[in-house]
Each structure stands twice: as C-alpha cells, then as structure tokens.
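# Dropping the sequence and predicted coords here.
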Amino acid sequence: MLTLINTNKMAPLIGPIGLDYVAASVQEASLEVEVLDLGLADEPELAIKEHFSGRDPELVGLSFRNADDCFWPSADWFVPGLKDTIKTIRALTDAPIVIGGVGFSILAKPIVEYTGADFGILGDGEASITELYHQLKTERRFKDVPGLVWRENNKIHNNPPSWPDSISLGTARNFIDNPMYFKRGGQCGLETKRGCNRDCIYCADPLAKGNRLRLRNPSEIADEVQSLLSQAVDVLHLCDSEFNVPRSHALAVCKELNSRSLGDKINWYAYLSPVPFDAELAETMARAGCVGINFTGDSACELMLRTYRQRHSREDLAAAVKLCRLNKIAVMIDLMLGGPGETPQTVRETIDFIKEIDPDCAGAALGIRIYPGTAMEKIVAEEIREGKDFNIHRKYSGPVDLLKPTFYISEALGQQPAELIRDMIGGDRRFFEPAVETDNKATESNDATNYNYNENLLLTQAIREGARGAYWDILRQLRGG
C-alpha cells in the first residue's frame, strides 16, 4: 500500500491536483493507495498520528506545492515545516519517504538534503512513484526511476527529470475532497498541459515541468471538467504556465468544451501570455466559460521586456485588454518590478501605461525570487563575484542560499522601493501595491490592496461568505473594482 500526503496548508486552500492525478495513476497500476490530506485537517500532526496508527504502508509520498510564498518582504519559507512533517512521520513508520510536487521539483536535491527524506521525484510523479514502488520491492535499481533523487553511499544522486513526451491524466478527480476545497478555496484547478518553452530569466516553471510543451487531449480535459461539475464544482482555474501557448491547443480545448455545451455551466480563469491572443481565441474562450485572464505582463517598458526575455510589446498588452473588454472577460496584468536595470523611470513608464490601457487590475509585484538554474541565478552570481551584492534582499545571514527565499531588487529604486512604487501608483485602486518592509502580517492580511494570497484573512473570509473565482478577481471586487 502507498500513502500519499498533501502537506500544503496555505490558506486560502488550494486543492492538491497533482496528488489527485498521482493517486489515480497508482490505482490504475493496480496498487492500493490512500490519501491523507493535511490541508483539510484541523490538527495536522494529530491527523498524521491517527492515520499511521492503523496502517503500515510500504511507501509514503509527500506532495509539496510551494517552497515559499515568493513575495518580498514576507519571504515566508515552508521547507522547515516539511522537515518537521517528515520527522513526525518517521516516528510512526519505517516506510521510505518520497517527496514530489512543483515546489519540490524546483529545488529537488537541496530539499532532500535539508529534510532528510529518502527520495524525491523531480518532474511528473504519476509513473515514477509506481516505478519506485516496484524497485523497492525488487532489484532496487534506482537509476531506472525517472526523475528520482536518491541516496547511496552517503551521497545524493539525481536522475534526469521525469518529463515524458506524452501526458494523459486521470479524469475522475475522486481522491481529494474537491467540494470541500471549492467551499474553502473558491475554485478548483486542472491542467491542460505541462511544460513551458519560454525562456523568461526568472521563471522556475521549465525547471519543474520541463521546457517542452506536453499537451493533453482536449477530450480528456473536457471529461475532467464534467467530473468536477458532477461534484458541484463549477469555478475552475487552469494551472498551465500560459494557456495560449500554443494557441492551437488552447483553441482546441475551448472548442471541445463548447461542443459539449460546457461554457454555460462553468466559469474559469487562466494565465496567458499577451501573445498569441487574437479576436478568435478571445471570443472562443469567452463562449467556453472563461471569465478572467491573468496576463504575464512583467513590464510596459520595452527595455525591461527585453531584459526579462518577453516576446510581447506594450502594444500587445493594450490589444489584449481591449479584446478582454469586448468579450466581457475580467483582465489582470501581472507586473514584475525591480529586475536588472530597473530604474524609477522604467517603473514610471510601466505604471503610467498600465493606467492608460485600463485593465481591471494589475499586480505590482516588487522583487524577483531567485531560483537556481535560471538566468537570474547567473546574473546574481556575476554581481556577487564583482562585489555587487546590494541588489540581493533576504531575511537570513551568511552565504547566499537559494533554497531560502532570496530576492533581487534593483538598487536604482533606492532605499525604499515599495514606497517609491506606491507613490507612483498614487492610490489607484486598480493596482495591488507592493508591501513595505514595515508592514506586519496582521496588517497585510486585512488589506484588500495586498497581493500576497498566503494567509490572506480578508480573502479567506470572502470565500467563506460565498465569493468564488481567481483570488485577484475576488480581491478586486472587494475593493469595488
């Protein structure tokens, strides 16, 4: 038997869809599997003890969604909590422990080392965890397990990532309590594909999901939507890096949903790139039930867009907003402020242009979380070699350790960059403003301008009272946007 555990307890609650997919795959392989969901447990440690008091699994898999909250200045780090969870489990079972999930895959080897887990799976877990189970029962040829991070002779080894060319996932979605997640989280997720073929300098998605696009069959996706509808879940969020990359697949998915008349029964949100996005795609998405789009804008300054290696222009952002307006789709633009070369002038150019094109809201995120394996890591390493570490922001001492929340903010923005950006925004309620370092957690949690969803009490309360949708859309409505 395998026990799979959701370790993500961040509120508002987000359903562990990866664990749902993995459990379905394990069952399909004719293995017994049980799920322990700590996200829904009032007392997680007690829930762990009760689960293992009556069970003796042969392998324990932990789903780890987020290594930290990716926001400065909160820099809330979740890896120590994962280590504590593993310590609790170790006292109750001798079964090997394997970690998986997006948060794990970004930082796989150092997380295994830090937490003391036996194994980890970098990339897709569906086939790999089953293969690991069989190897533990037979030859123990761990080199044959795709994506496995494993220990041998006091060393940690890692196999090539598990990114299979084709992807087919279970559609029943019956291993987690999706109705409860819908009640407490306001939405439920699904994937239409995995991987991202973009090369943005900061993004960790290609590290976790691969740099090739692996597309699901649109018919399979529609089957999954119908399964969720049968559970009374009718507000969804697509978890793809960029739903419209490639455009042809996004269009095919929407056409399949429309062929089954699902657009009248569901509301859904997605992340998109500003390109490719045209009138046909916008109209087809709206008919298929799309009610909100979060565009990866990053900046409206051409210099910064090129720095981030974005493929769109500021004019593309303007065109995307207009198409959303025409199709009655709520529109959000995510900004990435403070990257290499950012100045008060480039920030001003971005904020003024966003005000001009008038999206429903814009997230003015300040600071770039630096992940190992990205171009940002190379930029930071070079600056450190040159003795220029003043762009690095962190809440720990000693050498720079990218396992821990570490951020880049251009020193050209001065000693108080958040205040600078807030002054430029000037109270415009379309913007989610960056938090200042003097803000305390209680203040942030009750502030509708706060863009950090982690332990956001205002957002959690709104969902408890019946609000449904993407978190940015709920918050903008709370603000009267």
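Now that the structure is in, tell me what you want to look at. Numbers count the residues shown, from 1 in each chain.
# hey, let's count contacts and neighbours off CA atoms from now on
Will do.
# Look up phi and psi at N66.
phi -130, psi 130 (degrees, to the nearest 10).
# same question, L148
phi -70, psi 130.
# And for it, the neighbour number?
30 (other CA atoms under 10 Å).
# what's the closest non-adjacent residue to it?
Nearest non-adjacent residue to L148, counting by CA to CA, 6 or more residues apart in numbering: I121, 4.6 Å away.
# Report the separation between that neighbour and T85.
According to CA to CA, to the nearest Å, I121 stands 18 Å off from T85.
# quick one, which of those two is more surrounded?
I121 (32 against 17).
# Am I right that the more buried one is in contact with A127?
No - with contact defined as CA atoms under 8 Å, I121 does not count as touching A127 (10.3 Å).
# Touching both of those two, which residues are there?
Overlap of the contact sets of I121 and A127 (by CA atoms under 8 Å, 6 or more residues apart in numbering) is empty.
# dump the residue contacts of the residue nearest to L148.
I121 neighbours (CA under 8 Å, 6+ apart): 98-101, 105, 108, 128-129, 146-149, 161-162.
# Tabulate those (JSON lines), appending pLDDT.
Listed next are these as JSON lines, based on pLDDT from 0 to 100:
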{"residue": "V98", "pLDDT": "98"}
{"residue": "I99", "pLDDT": "98"}
{"residue": "G100", "pLDDT": "98"}
{"residue": "G101", "pLDDT": "97"}
{"residue": "S105", "pLDDT": "97"}
{"residue": "A108", "pLDDT": "98"}
{"residue": "S128", "pLDDT": "98"}
{"residue": "I129", "pLDDT": "98"}
{"residue": "P146", "pLDDT": "98"}
{"residue": "G147", "pLDDT": "98"}
{"residue": "L148", "pLDDT": "98"}
{"residue": "V149", "pLDDT": "98"}
{"residue": "P161", "pLDDT": "97"}
{"residue": "S162", "pLDDT": "98"}
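# could you dump those residues to CSV with distance to E139?
Output for the contacts of I121, formatted as CSV (distance: CA to CA, whole Å):
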residue, distance to E139
V98, 18
I99, 21
G100, 22
G101, 26
S105, 26
A108, 24
S128, 16
I129, 15
P146, 16
G147, 18
L148, 15
V149, 17
P161, 21
S162, 20
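# got TSV for those, with distance to L281 and secondary structure too?
Shown next, in TSV, are those (distance: CA to CA, whole Å; DSSP: H, G, I helix; E, B strand; the rest coil):
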residue	distance to L281	secondary structure
V98	41	strand
I99	38	strand
G100	34	strand
G101	31	coil
S105	32	helix
A108	37	helix
S128	36	helix
I129	37	helix
P146	36	coil
G147	35	coil
L148	39	strand
V149	41	strand
P161	33	coil
S162	32	strand
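# so K83 sits in a helix?
Yes - if the criterion is DSSP: H, G, I helix; E, B strand; the rest coil, then K83 is within a helix.
# For burial, what's the neighbour tally of it?
K83 has 17 nearby residues by other CA under 10 Å.
# hang on, it packs against G116?
Yes - contact criterion CA under 8 Å: K83 and G116 qualify, at 7.4 Å.
# what ranges do the helices span in the stretch 301-450 of the chain?
Using DSSP state H, counting those that start in this stretch, the helices of the stretch 301-450 of the chain run over 302-307, 314-326, 344-357, 375-385, 417-425, 441-445.
# mind checking which of these is nearest S166?
helix 375-385 (27.6 Å; CA to CA).
# Flag every buried residue along the closest one.
Of the residues in helix 375-385, 375-377, 380 count as buried by neighbour count, 16 or more other CA atoms under 10 Å.
# any chance of these in CSV, plus distance to C361 and pLDDT?
Formatted as CSV, the buried residues of helix 375-385 follow (distance: CA to CA, whole Å; pLDDT from 0 to 100):
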residue, distance to C361, pLDDT
A375, 29, 97
M376, 27, 97
E377, 30, 97
V380, 31, 96
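# Could you let me know which of the residues you listed ends up closest to I5?
For these, with I5 as the reference and CA to CA as the criterion, the closest is E377, at 31.5 Å.
# Tell me the spacing between A300 and G427.
In terms of CA to CA, A300 sits 19 Å off from G427.
# So for these two, which residue has more residues nearby?
The residue with more neighbours, out of A300 and G427, is A300; 25 against 12, by other CA under 10 Å.
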